[in-house]
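> let's see this in three dimensions:
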Amino acid sequence: MPLEIANVNPDPFTQFQIWFDEAQPFMHEREAVVLVTATLNGTPSARMVLLRHHDQRTFGWYTNYESRKGGELAANPHAALLWYCEPLGRQIRIEGAVHKMSPVASDAYFATRARASQLGALASQQSRPLASRAELEERVDELRVEYEGREVPRPQYWGGYHLTPSHFEFWQHRGDRLHDRVIYLLEDSSWRLERQSP
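Here you go, the predicted structure:
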């Protein structure tokens, strides 16, 4: 089906939800998105994260604040997300400013994680050199014993981020590389839509 400005919702958050819902039967890991951050001098880095939050204002994920992405976001609090649904030939790019979630929000999500994932977050010094996998597994085992019968606390260096969008691109695959692209640009607190060439 062609992607036309006349056919999309004027609110990009609502349009995101429409496509996200339509993708559910076709995707094993629908929450997987590419997160792109950059250093102050513009050197980019990208990785997959899980989109654990989205509403009518923000998109969110959780990670180690001391990781490479955490360091880049501390220095340059802007990022881009890319969601791709190959079975439907669709992708959505989202760009905007990033800030940390509140400790209360991070605590609430951390409490819902599997215990093994909680221990892993506590054990891992993400993005730092590691002598061997055995060293990491030993640390997890030590923490398992230490917190037996007790709740695992959220590490202060682990939590969530919110991205507040200023730009969306909805992309629909078409034949002969003549893809459809509908852009939402935030201008004076409202969204302006335009079609761009593929």
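
> surely I5 meets R192?
No: the criterion here is CB atoms under 8 Å, and I5 misses it with R192 at 10.6 Å. All C-beta atoms are positioned from the backbone trio N, CA, C, and that covers glycine.

> for the top strand by length along the chain, packing partners?
Under DSSP state E, the strand in the chain containing the largest number of residues is strand 158-172. Applying 3 or more CB pairs under 8 Å, 6 or more residues apart in numbering; DSSP states H and E, we find strand 158-172 packed against helix 12-23, strand 59-64, strand 78-85, strand 90-100, helix 103-112, strand 180-187.

> what do you get if the cut-off is 7 Å, keeping everything else the same?
If you count contacts as 3 or more CB pairs under 7 Å, 6 or more residues apart in numbering; DSSP states H and E, strand 158-172 packs onto helix 12-23, strand 59-64, strand 90-100, helix 103-112, strand 180-187.

> what about the closest residue to G71 other than its chain neighbours, which SS state?
Nearest non-adjacent residue to G71, counting by CB to CB, 6 or more residues apart in numbering: S127, 7.9 Å away. What DSSP: H, G, I helix; E, B strand; the rest coil gives for S127 is coil.

> go on, the one 4 residues further on?
Three-state call for A131 (three-state DSSP): coil.

> is it true that L185 touches F168?
No: in this structure, L185 is not within contact of F168 by CB atoms under 7 Å, at 8.3 Å.

> next up, the contacts around P2.
D180 (CB atoms under 7 Å, 6 or more residues apart in numbering).

> distance of it from F59?
Per CB to CB, to the nearest Å, P2 is found 26 Å from F59.

> so which bits of stretch 188-198 are buried?
191, 193 (16 or more other CB atoms under 10 Å).

> would you mind writing the CA trace of that stretch as PDB?
Written as PDB, here are the backbone C-alpha positions of stretch 188-198 (Å, rounded to 0.1, in the frame of the first residue of the first chain):
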ATOM      1  CA  ASP A 188       6.600  25.800  17.100                       C
ATOM      2  CA  SER A 189       5.200  22.900  19.100                       C
ATOM      3  CA  SER A 190       3.300  21.400  16.100                       C
ATOM      4  CA  TRP A 191       4.200  18.800  13.500                       C
ATOM      5  CA  ARG A 192       4.700  19.700   9.900                       C
ATOM      6  CA  LEU A 193       4.500  16.900   7.300                       C
ATOM      7  CA  GLU A 194       6.300  16.700   4.100                       C
ATOM      8  CA  ARG A 195       7.100  14.000   1.500                       C
ATOM      9  CA  GLN A 196      10.700  13.500   0.500                       C
ATOM     10  CA  SER A 197      12.300  11.900  -2.500                       C
ATOM     11  CA  PRO A 198      13.600   8.300  -2.000                       C
END
